[in-house]
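Trainee: Below: sequence and its predicted model.
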Amino acid sequence: MSAFRERWAERMPGLAVTATAAALAWGVHLLVPAVPLLTVAVAVGIATAQVPRARVALDGPLRPGLAFSARTLLRTGIVLLGLKLSLADIAGLGWVTIATTVAVVVLAFAGTWALGRAVGLPGREPLLVASGFAICGASAIGAMAAATRARDEEQAHPVALVTLCGTLAIAVLPALWHPLGLTATGFGHWVGAGVHDVGQVVATAQVAGTAALAVAVVVKLTRVLLLAPMVAIAAGLERRRSTDGAGPRPAIVPLFIAGFLAAVLVRTFVAVPESVLVAADVAQTTLLAMALFALGTSVRVAALLHTGWRAAAVGLVSWVLVAALAYGAVLLG
């Protein structure tokens with residue numbers, strides 16, 4: 001019992017900082033609704049990590065709480081994210097839209113992973129960049145990292161890049177809406193299929209009205225649903241590679257992914273009270289904000305500028321690839 005209390009005592013300073021950062025992100029989002037809350041959380045984490053005095057604390061007394069946030073709180077937030085998904089809403093898109101959305105994710109993932117391997121990104125960075133850009137941003141990076149036991153340092157470049165490119169999309173995609181000849185709902189479909197984070201999708205699609213926003217969110221959540229099978233496949237491959245007996249082998253389906261799928265089924269088949277859904281949404285957003293701030297604190301911009309040019313190139317090419325594939329999906333739909 002004393003060991004349990006000691007562990008929590010070690011975590012509390014870091015958890016207090018991540019909670020403060022989440023509150024700050026909420027405040028910025030409330031003041032400027034067009035700025036996605038989770039993007040603010042990552043950006044604050046990255047900015048904090050560039051201050052020399054702050055880095056001493058981040059790598060010292062705050063580290064246990066930051067590590068707990070980046071792992072356990074992230075996984076809990078992903079489980080709650082499943083309550084946003086109803087299979088009935090996704091089925092309402094029609095089989096053509098569902099099929100093209102799946103194709104966008106699979107092709108973007110495969111293309112980004114192959115490019116990352118081709119340019120020599122180290123370790124699991126190709127897999128993490130592909131997850132972030134093809135599926136659902138920094139949340140997907142954290143989920144894939146948890147399933148494949150990627151180190152925190154391997155997540156730094158992918159998180160920074162997916163946050164940067166997703167933020168750029170908020171400004172760039174609306175400027176291309178009319179030149180590309182898209183209707184409002186077509187624009188919503190394009191945004192949902194091509195922008196990384198759910199908050200960034202909302203910020204980008206809302207300029208075209210409520211109909212565009214509704215389509216964008218459902219298409220985006222269809223991509224989020226693909227997080228489960230893709231993480232499960234990656235975990236299975238990692239399990240097959242873990243044959244040297246060093247430590248426990250990864251689960252075939254990580255527990256938090258099973259929880260995510262269970263939450264989707266609950267949302268689909270159980271009449272969950274609206275008050276519960278609202279509370280779960282607030283909790284999920286807060287937990288992910290805390291987790292993504294913690295992930296952001298692992299980014300060192302100086303190191304990124306000196307050694308991360310290959311990752312930056314892969315991220316930018318992937319961003320264009322996803323947008324192009326998503327545009328093709330709209331035309332086919």
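Mentor: Yes, it's here.
Trainee: For the chain, spot the helix or strand the model is least confident about on average.
Mentor: helix 301-307 (a mean of 69; mean pLDDT, DSSP states H and E).
Trainee: residue ranges with poor pLDDT in the stretch 101-250 of the chain?
Mentor: For the stretch 101-250 of the chain, residues meeting the criterion pLDDT under 70 lie at 239, 241-250.
Trainee: And the helices in it?
Mentor: Ranges of helices in the stretch 101-250 of the chain, per DSSP state H, counting those that start in this stretch, are 125-131, 137-148, 152-176, 184-194, 198-205, 210-225, 227-241.
Trainee: chain center to the fifth one: distance?
Mentor: It refers to helix 198-205. 13 Å (C-alpha atoms, centre = their mean, to the nearest Å).
Trainee: Same question for the fourth one.
Mentor: Chain-centre distance of helix 184-194: 19 Å, with C-alpha atoms, centre = their mean.
Trainee: circling back: nearest approach to residue 287 belongs to which of the helices of the stretch 101-250 of the chain?
Mentor: helix 137-148 (10.5 Å; C-beta to C-beta). The C-beta positions use only the backbone N, C-alpha and C, and glycine is treated the same way.
Trainee: which helices and strands does the closest one pack with?
Mentor: Under the contact definition 3 or more C-beta pairs under 8 Å, 6 or more residues apart in numbering; DSSP states H and E, helix 137-148 sits against helix 37-49, helix 74-81, helix 125-131, helix 152-176, helix 227-241, helix 255-269, helix 274-296.
Trainee: Which residues are in contact with the residue located most distally from the centre of the chain?
Mentor: Distance from the C-alpha centroid of the chain, by C-alpha atoms, centre = their mean, peaks at residue 2 (35.7 Å). Not one residue lies near residue 2 by C-beta atoms under 8 Å, 6 or more residues apart in numbering.
Trainee: repeat for residue 159
Mentor: Residues in contact with residue 159 (C-beta under 8 Å, 6+ apart) are 42, 132, 138, 141, 292, 295-296, 298-299.
Trainee: can you check residue 173 too?
Mentor: Residue 173 makes contact with 187, 190-191, 194-195, 204, 323 under the criterion C-beta under 8 Å, 6+ apart.
Trainee: pretty sure residue 207 is in contact with residue 174, am I right?
Mentor: Yes: contact criterion C-beta atoms under 8 Å: residue 207 and residue 174 qualify, at 4.9 Å.
Trainee: Next, count neighbours for residue 260.
Mentor: 25 (other C-beta atoms under 10 Å).
Trainee: per-residue pLDDT, it?
Mentor: pLDDT, residue 260: 89.
Trainee: can you tell me which residues contact it?
Mentor: By C-beta under 8 Å, 6+ apart, the residues touching residue 260 are 78-79, 81-82, 227-228.
Trainee: Quick check: closest non-adjacent residue to it.
Mentor: Sequence neighbours aside, residue 82 is the residue nearest to residue 260 in space, at 4.3 Å (criterion: C-beta to C-beta, 6 or more residues apart in numbering).
Trainee: cool, residue 71 as well?
Mentor: Distances taken as C-beta to C-beta, 6+ apart put residue 146 closest to residue 71, at 6.3 Å, once the chain neighbours are dropped.
Trainee: I'd like the distance between the one you found and residue 288.
Mentor: Distance of residue 146 to residue 288, given as C-beta to C-beta, to the nearest Å: 13 Å.
Trainee: Quick check: neighbours shared by the two?
Mentor: Counting by C-beta under 8 Å, 6+ apart, the residues touching both residue 146 and residue 288 are residue 74.
Trainee: So those two - more neighbours on which side?
Mentor: Using other C-beta under 10 Å, the more surrounded residue of residue 146 and residue 288 is residue 288, with 28 against 23.
Trainee: Do you know the pLDDT at the nearest residue to that one once chain neighbours are set aside?
Mentor: Of all residues not flanking residue 288 in the chain, residue 77 sits nearest, at 4.0 Å (C-beta to C-beta, 6+ apart). The pLDDT attached to residue 77 in the predicted structure is 90.
Trainee: Next up, the contacts around residue 77.
Mentor: Contacts of residue 77 (C-beta under 8 Å, 6+ apart): 139, 283-285, 287-288, 291.
Trainee: Now, of these, which are buried?
Mentor: Buried subset of the contacts of residue 77 (neighbour count, 16 or more other C-beta atoms under 10 Å): 139, 284-285, 287-288, 291.
Trainee: which one among these gets closest to residue 211?
Mentor: Relative to residue 211, the closest of these is residue 285; by C-beta to C-beta it sits at 24.1 Å.
Trainee: For the contacts of residue 260, which single residue is the most surrounded?
Mentor: residue 78 (29 neighbours).
Trainee: thinking again about what came up before, need the contact list for the residue nearest to residue 260.
Mentor: 259-264, 266-267.
Trainee: so which of the residues you listed is the most crowded?
Mentor: Within those, residue 260 tops the neighbour count with 25 neighbours, counted by other C-beta under 10 Å.
Trainee: centroid residue for this structure?
Mentor: Nearest to the mean C-alpha position of the chain, counting by C-alpha atoms, centre = their mean, stands residue 139 at 2.5 Å.
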